[in-house]
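Novice: Provided below for reference: sequence and predicted model.
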Amino acid sequence: MSEQQWNVTTRDGSRVLVRPAGNDDEKLLGELFDHISPQDLRFRFLSAIKHVSRRQIADLIGVDHSAVESYIAFAQDTATPVATAVLACDRGKGRAEVAISVRSDFKGHGLGWELLSLMVQEAKNRGLDKIESIEDRSNFDAVEREQNMGFRVQPYPDDPTLLLLSKSLVA
């Protein structure tokens, strides 16, 4: 796991520290997911869940960090986890999938935009050709954010409720 971290300032001036999540962050991620709305949990996990289990959290952080990296964002002035992002790379195909969740009371500050920007940069740093996101069609905020960042939208194969958004990372 990388010891890298980033200080991020959102569009409204909120300051956030982002770093890779480690095995010792299971409790923090559990706390974070407890403060994410049921609708946003559905958007993140593409299924109706009321609570993110310890097993699901362990699956997010106990992985091959060269292929999958989970990130955790903290409010700059506290140890409060406010968002998480996952970048799952498929090295053989030169692409990565991204998924982001922002704590409900921290939405609307531009944190999702900043985390998506960071994930795009991390995918570029890994030498990948494309970054993708699978979104529920009704997740209008995420779809709009990704489109504004240059992601292309297309129907998801064999599931009319989902969209596949992708951005080329090659010049």
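Specialist: All right, it came through fine.
Novice: how about the contacts made by the residue nearest to Glu114 when sequence neighbours are not counted?
Specialist: The spatially closest residue to Glu114, leaving aside those adjacent along the chain, is Val8, at 4.8 Å (Cβ to Cβ, 6 or more residues apart in numbering). Using the backbone N, CA and C atoms, a C-beta is placed for each residue, glycine as well. By Cβ atoms under 8 Å, 6 or more residues apart in numbering, the contact set of Val8 is 15-18, 73, 111, 114-115, 118.
Novice: if we use 7 Å, what do you get?
Specialist: Under the criterion of Cβ atoms under 7 Å, 6 or more residues apart in numbering, the contact partners of Val8 comprise 16, 18, 114, 118.
Novice: could you pull out the strands for the chain?
Specialist: According to DSSP state E, the chain carries its strands in the segments 6-9, 15-20, 68-75, 81-90, 95-102, 130-136, 152-155, 162-168.
Novice: could those be laid out in TSV, adding mean pLDDT and distance to Arg44?
Specialist: Listed next are these as TSV, based on pLDDT from 0 to 100; distance: least, Cβ to Cβ, whole Å:
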stretch	mean pLDDT	distance to Arg44
strand 6-9	94	20
strand 15-20	94	17
strand 68-75	93	12
strand 81-90	94	9
strand 95-102	96	5
strand 130-136	97	9
strand 152-155	98	19
strand 162-168	98	13
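Novice: any idea which of these gets closest to Arg42?
Specialist: strand 130-136 (7.1 Å; Cβ to Cβ).
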